[in-house]
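In: what follows is a predicted protein model with its sequence.
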Amino acid sequence: MPVLARVIEAAGIPTVTVTMMPDVAEKYRLSRIVGVEFPFGHAFGMPGDREMQLTVVRTAVDLLATSTKPESRVDVEIEWPQDTKVAYRDWQPSEPSPIVAYNMARRAAIEEKRGE
Amino acid sequence: MPVDSYKFLPRSFRAGYEQGSFLADEPVWAPLEKPVTEASVALLTSAGVYLAGSQPPFDLEREKANPLWGDPSYRAIPRDVQQSQIGAAHLHINTRDILEDFNVALPIRALDTLAEEGAIGSVAAEHYSFMGFQERGAKEWQEQYGPEVAARIQAANVDALLLAPA
């Protein structure tokens, strides 16, 4: 995703990136970053919560209007309303993603070889 | 309080993100050329959203066969999209909440509100959806699909883009 933000900004279009990993966005030296402490898949908030979604989008639009130099960052001060452990479990897919399953299988094979 | 970038990330992934310093040599910058109250704004998500029934989903079968590959293509989502049209294809997040309310990833309704208030000029007629898991380097995003979306945005006279990773 930071790749797309960079390519599109470099083409002359101002961008704002709303992200749960603003520290990583900073490493990619993006132009405008809005940090949210929300679980993955929920950059703009809780389902059905129009007020929360509007607050995040408004923060992004305000940054677009006020920023004058690259690597500008604002963090949204909203605490995720769910219990952290519940939210951590809820954002994840019901099955491990293919790359996670692949890495788990590879590690297991290495462990098995070591045990021989 | 700054956001904790790793609060919801599995601990085993954390080191990979935390190590290293800058991943780009230079910052990028395009100024907004007009007051935001006159600007047309589009959205881009990488949550794997597509129009169920009229667009093909992102290719998850190929990713299952080759776990290092992710579908680099994108879908254009119209401003007036309804929840019942929304599909989501992404193997790295639970898409349940997006299927309940796509605005958690693609907040078109919030942009509509800002346009009604006069806080932005207008909402773009189309928005963009990618699937966030890509092969290392994301070559096709850099060389093909990123420039293609930038050209579409410019052709539509859209002034700014809000992006959000899944």
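Out: Sure thing, it's come through.

In: what's opposite the residue most central in space within chain B in the beta bridge?
Out: What sits nearest the mean C-alpha location of chain B, by CA atoms, centre = their mean, is B:T45, with 1.6 Å. Going by DSSP bridges, B:T45 is paired in beta bridges with B:S129, B:A164.

In: any idea how far stretch A:70-86 is from the chain center?
Out: 10 Å (CA atoms, centre = their mean, to the nearest Å).

In: give the buried residues for it.
Out: A:70-76, A:78, A:80, A:82 (16 or more other CB atoms under 10 Å in any protein chain shown). (Each C-beta comes from the backbone N, C-alpha and C, glycine too.)

In: can you list the domains in chain A?
Out: Per the record, chain A has its domains at A:1-79, A:82-116, by automatic domain parsing.

In: okay, the residue nearest to the centre of chain B: pLDDT?
Out: What the model reports for B:T45 is a pLDDT of 98.

In: endpoints of stretch B:101-110, how far apart?
Out: 12 Å (CA to CA, to the nearest Å).

In: from the rest of the structure, what touches that stretch?
Out: A:41-48, A:50, A:53-54, A:56-58, B:43, B:45, B:47, B:49, B:77, B:79, B:81, B:83, B:86, B:88, B:97-98, B:123, B:127, B:129, B:164, B:166 (CB atoms under 8 Å, 6 or more residues apart in numbering or on different chains).

In: now it: buried residues?
Out: For stretch B:101-110, using 16+ other CB under 10 Å, the buried residues are B:101-108, B:110.

In: do stretch B:18-29 as well
Out: B:27-29.

In: which of the residues you listed are close to chain A?
Out: B:27-29 (CB under 8 Å from any CB of the partner chain).

In: mind putting these into a markdown table with pLDDT?
Out: What follows is these, written out as a markdown table (pLDDT from 0 to 100):
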| residue | pLDDT |
| --- | --- |
| B:P27 | 96 |
| B:V28 | 97 |
| B:W29 | 98 |
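
In: so which of the residues you listed sit within helices?
Out: Judged by DSSP state H, helices contain none of these.

In: which one of those residues is nearest A:R106?
Out: Nearest to A:R106, judged by CB to CB, of these is B:V28 at 35.8 Å.

In: where's the spatially closest residue to A:G12 that is not a sequence neighbour relative to A:L64, distance?
Out: The shortest distance from A:G12 to any non-neighbouring residue, by CB to CB, 6 or more residues apart in numbering or on different chains, is to B:A30 (5.0 Å). Separation of B:A30 from A:L64 (CB to CB, to the nearest Å) stands at 11 Å.

In: of these two, who's got more company?
Out: Legend: neighbour count by other CB atoms under 10 Å in any protein chain shown for B:A30 and A:L64, higher for A:L64 (24 against 17).

In: and whichever strand or helix holds that one with chain B, contact?
Out: For A:L64, the host element (DSSP states H and E) is helix A:50-66. Yes - Helix A:50-66 lies within reach of chain B by CB under 8 Å from any CB, at A:50, A:53-54, A:56-58, A:60-61, A:64-65.

In: what does that helix rub up against?
Out: Taking CB under 8 Å, 6+ apart as the rule, helix A:50-66 contacts A:14, A:16, A:18, A:32, A:34, A:36, A:43-46, A:72, A:74, A:76, A:78, B:32, B:35-36, B:39, B:41, B:103-104, B:107, B:109-111, B:113-114, B:119-120, B:160, B:162.

In: what sits against A:D23?
Out: B:5-6, B:17-18.

In: so which of the residues you listed wins on neighbours?
Out: B:S5 (21 neighbours).

In: surely that residue and A:V24 touch.
Out: Yes - B:S5 lies in contact with A:V24 (CB atoms under 8 Å); the separation is 6.3 Å.

In: what do those two both touch?
Out: Common neighbours of B:S5 and A:V24, using CB under 8 Å, 6+ apart, are B:Y17.

In: and the least confident helix or strand in chain A by mean pLDDT, what's buried?
Out: Ranked by mean pLDDT, DSSP states H and E, the helix or strand of chain A with the weakest confidence is helix A:98-115, at a mean of 90. Residues of helix A:98-115 classed as buried by neighbour count (16+ other CB under 10 Å): A:98-100.
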